[in-house]
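any chance you can model this:
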Amino acid sequence: MNTKTNASKNTLLSRYIPNPKDRKVIVVSFIITICLFLIALLLISLNHQQLMMQEYKHYKEFFKQFGSISRIIYFAVLAIYPVFLLLKWKRLKTIEWGKFQLKSFIQLLGKLVRKWHVPLAIAATGVALIHGYLAIIRGFKWDFTNISGIISMIILVFLLFMGVKRFKRKDNKWHFKLAIAFLLLFMIHASF
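Reported below is the predicted structural model:
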């Protein structure tokens, strides 16, 4: 009886993410993102003819909006690094304004960014995939912007995989290194 219970609890996700609460948040975020992604694909297919008839300049502005949304969400996701870096700073506990201690505010901020890091990363990835899909269906060109977008998406796949390994600290800091590479690449992609 006990081995059956242990076997059912030992799912693929539980091997990487030991905390059941974190697992639940990730699964719910993933399901919501997949549902929204499928709804977006349905809306795109229902309005495909209208989208293709738009002037390219207007169409480009339309799909760039999805890229801008994902970029804003990724900045919120990346906020975890400076906040946790501040928490490690020894002089932080000495900074006060009257009765207000900066460290308590940064700790609260740390809890918030840790709680929302993974769900927002999953959501931003879904929005970025819609952005990429819209960019491809209108006509793909091998230019710098599209190539940098493709490379960013490839790095994002590895970043997400290393993020799963990060829960057990088995990523050898590759999640952080890939996050920096992804940040640089998607900023280059967004700038050109």
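
CA only for contacts and neighbour counts going forward, please
Fine.

what residues of the one helix or strand Leu112 maps to count as buried?
Assigned by DSSP states H and E, Leu112 belongs to helix 102-137. Residues of helix 102-137 classed as buried by neighbour count (16 or more other C-alpha atoms under 10 Å): 103, 106, 109-110, 113-114, 117-132, 134-135.

just how off-centre is that helix within its chain?
Using C-alpha atoms, centre = their mean, to the nearest Å, the mean C-alpha position of helix 102-137 is found 5 Å from that of the whole chain.

spatially central residue in this structure, please.
Centrality entry for the chain: nearest residue to the mean C-alpha point is Ala121, 2.0 Å, by C-alpha atoms, centre = their mean.

and stretch 92-110, C-alpha only, in CSV?
Provided in CSV are the C-alpha atoms of stretch 92-110 (Å, rounded to 0.1, in the frame of the first residue of the first chain):
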residue,chain,number,x,y,z
LEU,A,92,21.0,46.9,3.7
LYS,A,93,20.0,46.4,7.3
THR,A,94,21.6,49.7,8.3
ILE,A,95,19.4,51.8,5.9
GLU,A,96,16.5,53.3,7.7
TRP,A,97,14.1,56.3,7.2
GLY,A,98,12.6,56.9,10.6
LYS,A,99,11.0,53.6,11.7
PHE,A,100,11.0,52.3,8.1
GLN,A,101,13.7,49.7,7.4
LEU,A,102,14.6,49.2,3.8
LYS,A,103,15.5,45.5,4.4
SER,A,104,11.9,44.6,5.4
PHE,A,105,10.6,46.2,2.3
ILE,A,106,13.2,44.4,0.1
GLN,A,107,12.3,41.1,1.9
LEU,A,108,8.6,41.6,1.0
LEU,A,109,9.6,42.4,-2.5
GLY,A,110,11.8,39.2,-2.6
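
got the phi/psi numbers for Glu96?
phi -140, psi 150 (degrees, to the nearest 10).

mind listing residues that contact stretch 172-190?
Applying C-alpha atoms under 8 Å, 6 or more residues apart in numbering, the external contacts of stretch 172-190 come out as 67, 78, 144-146, 148-149, 151-152, 155-156, 158-160, 162-163, 166.

which of those are buried?
67, 78, 146, 148-149, 152, 155-156, 158-160, 162-163, 166.

which ones among the residues you listed are found in strands?
Judged by DSSP state E, strands contain none of the buried ones among the contacts of stretch 172-190.

mind giving me a markdown table with those residues and columns for distance to Ala181 and pLDDT?
Output for the buried ones among the contacts of stretch 172-190, formatted as a markdown table (distance: C-alpha to C-alpha, whole Å; pLDDT from 0 to 100):
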| residue | distance to Ala181 | pLDDT |
| --- | --- | --- |
| Gly67 | 18 | 94 |
| Leu78 | 12 | 94 |
| Asn146 | 17 | 91 |
| Ser148 | 12 | 94 |
| Gly149 | 13 | 94 |
| Ser152 | 8 | 96 |
| Ile155 | 8 | 97 |
| Leu156 | 9 | 96 |
| Phe158 | 11 | 96 |
| Leu159 | 9 | 95 |
| Leu160 | 13 | 93 |
| Met162 | 13 | 93 |
| Gly163 | 14 | 91 |
| Arg166 | 17 | 88 |
